[in-house]
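Q: Have a look; sequence and predicted model below, questions after that.
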Amino acid sequence: MPDTTAPSLALGFDISRTRALLRTVPEYKGDLARLLSRFPSGRMTELLTAAIPVDEFVAGLEALAGWPDPEGVVFDGPFQALVEEMLDTAETAERFLNGGTDGEAVAPEDLDGLLGDGWRGGLTSFQQRDAARLLSLRHGANFSVPGAGKTRVALAVFAALRERGEVDRLLVVSPKSAYEAWQFESRVCFERPLDVQVVGSRMPESADVLLVNYERLGRSQFGLADWLTSVPTMLVLDEAHRMKLGGAGVYGAVCLALGPLSTRRLILTGTPAPNGAKDLENLLSFVWPGHGRRVVTQAVDGGDLAEASRVLRPLYTRTTKQELGLPPVDLRLRMLPMPPLHREIYDAMVGRFTARAESSRSDFQALGKAVLRLLMAATSPALLVAGATKYEPLSLRVPPLTVPDGDPLMALLRKLPSYEVPPKYQEALAIVAANAAEGRKTLVWASFVRSITTLERLFADYRPAVVHGGTPDRDEQLRRFREDADCAVLVSNPATLGEGISLHQVCHDAVFIDRDFQAGRFLQSLDRIHRLGLPPDTVTRITVLASEGTADEVVAMRLGEKLDFMGRILDDPSVQMLSDLEEEPAFAAGMDAADLQALLRHARGAEAEHS
């Protein structure tokens, strides 16, 4: 006999609280399978039980209308509350996109009265505007440029929400490099500093602010879900472009699963849309999950990035570089000739690159390694022999170059022990020495770890601080650079230190030994020393070193094109770029198809010139 007391479809959370659990009875087994077919990520977990990611389930909620026993559909209380909140959120998003409000608009001039007596952090007029707007949105995004103080704005929003009693604590997902900013701002912005802790083997219940990096999300997902739901919590994704792939990416899938469990959601990134409108859709789908995701997608409706930026503008706030009122940057591209041996080796590598391109047009990975070797050869041929280290970012990893004994290139490489210091290194040393004589510190950027360790030895007289992926005492190195008068130079790579660190208080000079094709990362690197808080008379000097007639020139051209294009899209020519940072690191230094075509033209031109 069928159990007539049991619901034909019971809906609730699974044990992780990130998926909807659907339970049925034997006579409705086939109906559950048909229902599950409407959800691409849904899976049967037992004979009569299925699980679907919460966001996907709510987005496709109308599929329940086809259930043959609607009276027998029963929602568990907490799950029903979440579904209702997400549906209400979707209506709110639609209202905002249509020019309406939520009836809770906060004026910037009213913000001070909402922050509570414990707030003591100063806010600029545009930070007040952004915080007020985000409070009015309930959930939202801050796409202000790097250096605009997005961390402080987020903490102001948190302070106001906590004062209202809407949230008790804050979960921040960010790169490790941004931890320092959250720890510092949480101390200086509150009369009683917030208790900031980092996710470890246990979830600290006492923390006011819990920090976790994107790489740890997967293995901490269930613990974070419990932490989010045990008390009302605000969830912030810092440098949110790292999950721009949405559910198709490792980080994005976990973020989308955790998002609905939070009371308030906020994303922070100055670089939100590297590859077009889809990236904006994915980011804002985290903010407005379930039906909200559909609202966002329909608003964009296949439009390009410029149209998506315009249509979605009501859902985010943005401070431009011009609004920061920063003194201008003196940015110079310094072209350096290569010594004869250096040139011979580079030209041999160009020949190898064109041969590889002709035979491996579809093998992007093989071409990527060839591109990396061109960039290495343009800086120092010694990098070719050494290859990448295990501390290199994935996008820059390449094994040592293998050359047969009889190959003419091997004869050239054997001369390397007597080869003088590469011109880029010499030029960087001269700049560091001149700055040190004036009492100015210098930040030197080098993509490859082998370059960093070579420069560390070369700069020995200036007590260099060094930070890369294998640095065990990163915080101590940064402390020395900031506080030790004898430490005149910091050497790092943008992949390690390009986000989250502020050095503008002590350093106003930067040198790039090399660059890759990732324009967003280049801008992030610039913003380490060109940020809010600089006195108006500060002179910030950026020198980009490039070898004449090499791939460096192609990189410079392509970065210029990317910055110009994105600047026109944003109508913000001082910033000129949203991003091309990858969620998981891109292969071949962020190279895309257009970059490859530009390199092929360069290689063929170089071959023709020397043939």
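A: That came through, no problem. A quick note: this is a predicted structure, and the numbers were derived from the prediction, not measured. Residues are numbered from 1 along each chain as shown.

Q: From here on, just use CA atoms for contacts and neighbour counts.
A: OK.

Q: In terms of residue numbering, what are the domains of the protein?
A: The chain breaks down by automatic domain parsing into domains covering 9-75, 84-319, 338-418, 423-584.

Q: could you give the mean pLDDT of the last one?
A: Which is domain 423-584. Per-residue pLDDT over domain 423-584 has a mean of 85.

Q: just the shortest one next, same as before
A: Over the span of domain 9-75, the pLDDT mean works out to 93.

Q: so which of the domains of the chain comes closest to R332?
A: Nearest to R332 among the domains of the chain is domain 423-584; the distance by Cα to Cα comes to 5.0 Å.

Q: mean confidence for stretch 175-194?
A: For stretch 175-194, mean pLDDT is 92.

Q: which parts of that stretch are buried?
A: By 16 or more other Cα atoms under 10 Å, the buried positions in stretch 175-194 come out as 175-179, 181-183, 185-190, 193-194.

Q: I'd like the distance from it to the chain centre, please.
A: How far stretch 175-194 lies from its chain's middle: 19 Å, per Cα atoms, centre = their mean, to the nearest Å.

Q: hang on, G470 in a helix?
A: No - assignment of G470 by DSSP: H, G, I helix; E, B strand; the rest coil gives coil, placing it outside any helix.

Q: What ranges does the stretch 151-300 of the chain have for its strands?
A: Using DSSP state E, counting those that start in this stretch, the strands of the stretch 151-300 of the chain run over 169-173, 196-198, 209-212, 233-238, 264-268.

Q: per-residue pLDDT, the closest residue to L383 other than its chain neighbours?
A: Nearest non-adjacent residue to L383, counting by Cα to Cα, 6 or more residues apart in numbering: M376, 5.8 Å away. Listed pLDDT for M376 reads 90.

Q: before we move on, which element is M376 in?
A: Assessed by DSSP states H and E, M376 sits inside helix 364-379.

Q: then that helix to PDB, C-alphas only?
A: Extracted in PDB, the C-alpha atoms of helix 364-379 (Å, rounded to 0.1, in the frame of the first residue of the first chain):
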ATOM      1  CA  PHE A 364      48.000  26.400 -28.500                       C
ATOM      2  CA  GLN A 365      49.900  25.000 -25.500                       C
ATOM      3  CA  ALA A 366      53.000  24.300 -27.600                       C
ATOM      4  CA  LEU A 367      52.800  27.700 -29.200                       C
ATOM      5  CA  GLY A 368      52.400  29.200 -25.700                       C
ATOM      6  CA  LYS A 369      55.700  27.600 -24.500                       C
ATOM      7  CA  ALA A 370      57.400  29.100 -27.600                       C
ATOM      8  CA  VAL A 371      56.000  32.500 -26.700                       C
ATOM      9  CA  LEU A 372      57.300  32.300 -23.200                       C
ATOM     10  CA  ARG A 373      60.700  31.500 -24.500                       C
ATOM     11  CA  LEU A 374      60.600  34.500 -26.800                       C
ATOM     12  CA  LEU A 375      59.800  36.700 -23.800                       C
ATOM     13  CA  MET A 376      62.600  35.000 -21.800                       C
ATOM     14  CA  ALA A 377      65.100  35.500 -24.600                       C
ATOM     15  CA  ALA A 378      64.200  39.200 -24.900                       C
ATOM     16  CA  THR A 379      65.200  39.600 -21.200                       C
END
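
Q: Give the next helix or strand downstream of it.
A: Counting by DSSP H and E, the element after helix 364-379 in chain order, helix or strand, is helix 382-386.

Q: Now whichever helix or strand comes after that next one: buried residues?
A: Using DSSP H and E, the helix or strand that follows helix 382-386 towards the C-terminus is helix 408-414. If you call a residue buried by 16+ other Cα under 10 Å, then helix 408-414 has these buried ones: L409, L413.

Q: In this structure T18 contacts A225, no?
A: Yes - the pair T18 / A225 is scored as a contact, 7.0 Å apart, by Cα atoms under 8 Å.

Q: Please say which of those two ends up with more neighbours.
A: Neighbour comparison, T18 and A225: the larger count goes to T18, with 24 against 20 (by other Cα atoms under 10 Å).

Q: Spit out the contact partners of the nearest residue to that one once chain neighbours are set aside.
A: Nearest residue to T18, sequence neighbours excluded (Cα to Cα, 6+ apart): A257, at 5.2 Å. Neighbouring residues of A257 by Cα atoms under 8 Å, 6 or more residues apart in numbering: T18, R19, P53, V54, D55.

Q: quick one: the helix holding M376 to chain centroid distance?
A: Taking Cα atoms, centre = their mean, one finds the center of helix 364-379 at 24 Å from the center of the full chain.

Q: same question, stretch 9-28
A: Centroid separation between stretch 9-28 and its chain, computed with Cα atoms, centre = their mean, is 35 Å.

Q: Kindly format the C-alpha coordinates of it as PDB.
A: Provided in PDB are the C-alpha atoms of stretch 9-28 (Å, rounded to 0.1, in the frame of the first residue of the first chain):
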ATOM      1  CA  LEU A   9       8.000  15.500  -3.200                       C
ATOM      2  CA  ALA A  10       9.900  16.800  -0.100                       C
ATOM      3  CA  LEU A  11      12.300  19.700  -0.700                       C
ATOM      4  CA  GLY A  12      15.000  20.800   1.600                       C
ATOM      5  CA  PHE A  13      18.800  21.300   2.000                       C
ATOM      6  CA  ASP A  14      21.300  18.500   1.600                       C
ATOM      7  CA  ILE A  15      23.900  18.000   4.300                       C
ATOM      8  CA  SER A  16      26.200  20.600   2.700                       C
ATOM      9  CA  ARG A  17      23.400  23.200   2.600                       C
ATOM     10  CA  THR A  18      24.600  24.200  -0.900                       C
ATOM     11  CA  ARG A  19      22.200  21.900  -2.800                       C
ATOM     12  CA  ALA A  20      18.500  21.300  -2.900                       C
ATOM     13  CA  LEU A  21      17.600  17.800  -1.800                       C
ATOM     14  CA  LEU A  22      14.500  16.300  -3.500                       C
ATOM     15  CA  ARG A  23      13.000  13.200  -1.900                       C
ATOM     16  CA  THR A  24      10.100  11.300  -3.400                       C
ATOM     17  CA  VAL A  25       8.200   8.000  -2.800                       C
ATOM     18  CA  PRO A  26       8.300   4.900  -5.000                       C
ATOM     19  CA  GLU A  27       5.200   5.600  -7.100                       C
ATOM     20  CA  TYR A  28       6.700   9.000  -8.200                       C
END
